[in-house]
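Asks: Take this sequence and fold it.
(2 chains)
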Amino acid sequence: MKFFEISQEPINTQSVIDKVVQREAGAITTFIGTVRELTHGKKTLYLVYESYEPMAVKKLEQIGQEIEEKWSGSKVAITHRVGKLDITDIAVVIAVSTPHRADSYEANRYAIERIKQIVPIWKKEHWEDGQEWIGDQLEKVAYPTGKPEESDLNE
Amino acid sequence: MNKVLFFAHLRDAVGEESIEMEANGKTVAEFKQQISETYDIQKLDTVMVAINEEFAPDSEVIQEGDIIAFIPPVSGG
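Replies: Next up is the predicted model:
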């Protein structure tokens, strides 16, 4: 069974949850990241996610190992989607099972924050008036070189 | 030779998904500088480099056959 995956296809949330079912668990938390239409008032039409897949899978595995070390008895499964995603589509599913519920919430939160730090996946926002690769985790500022250059703006 | 991979806005800037280049013996910092000059990309300071699918510090020396990837700040999740 692959616990950490990059998928071109829509994610089946239940199948991710099923991977972490264990007799020792008293809790499973599931985080479902979805494509939001409005960010600071700006309307997204759709997103395109791209990954460096072999490294992304390794980094997801690393996050799983970190969690299993930090929260005893935990089990983790993560699937991240790539390609074109429409508004409300599921981009990522994280399932964590632990013996007790508090750990399950904490560990799941840890997983999504780590994804935003170390997993080589990028999203390109497509708006009505343009498109841009997003390069920071506040989703407000794109990379300087990803922005139109001054010469472009003057055309 | 070394395979060099580009992603996200860097792929757009370079115009290629991957290229073959000789980077053997160079440090990551030196190679970043070279790429920056060759493709006229100003802001490589926020870009991480991975060697063989693992993040590499600026001081690491690139070996023959290593796969080098330029990793802009990530935005998954």
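
Asks: Packing partners of whatever helix or strand residue A:103 lives in?
Replies: Using DSSP states H and E, residue A:103 sits in helix A:101-118. Applying 3 or more CB pairs under 8 Å, 6 or more residues apart in numbering or on different chains; DSSP states H and E, one finds that helix A:101-118 contacts strand A:27-34, helix A:53-70, strand A:75-81, strand A:90-98. For glycine as for every other residue, the C-beta is placed from the backbone atoms N, C-alpha and C.

Asks: Same list, the ones you listed, but as CSV with mean pLDDT, mean neighbour count and distance to residue A:134 please.
Replies: Shown next, in CSV, are these (pLDDT from 0 to 100; neighbours: other CB atoms under 10 Å in any protein chain shown; distance: least, CB to CB, whole Å):
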stretch, mean pLDDT, mean neighbour count, distance to residue A:134
strand A:27-34, 98, 17, 14
helix A:53-70, 98, 18, 16
strand A:75-81, 98, 25, 15
strand A:90-98, 98, 25, 12
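
Asks: before we move on, back to that, centre of the chain versus the helix holding residue A:103, how much separation?
Replies: In terms of CA atoms, centre = their mean, to the nearest Å, the gap separating the centre of helix A:101-118 from the centre of its chain is 11 Å.

Asks: Give me the buried stretch members for the following helix or strand past it, please.
Replies: Using DSSP H and E, the helix or strand that follows helix A:101-118 in sequence is strand A:121-127. By neighbour count on 16 or more other CB atoms under 10 Å in any protein chain shown, the buried set for strand A:121-127 is A:121-125.

Asks: just curious, which of the residues you listed is nearest to chain B?
Replies: residue A:121 (3.0 Å; CB to the nearest CB).
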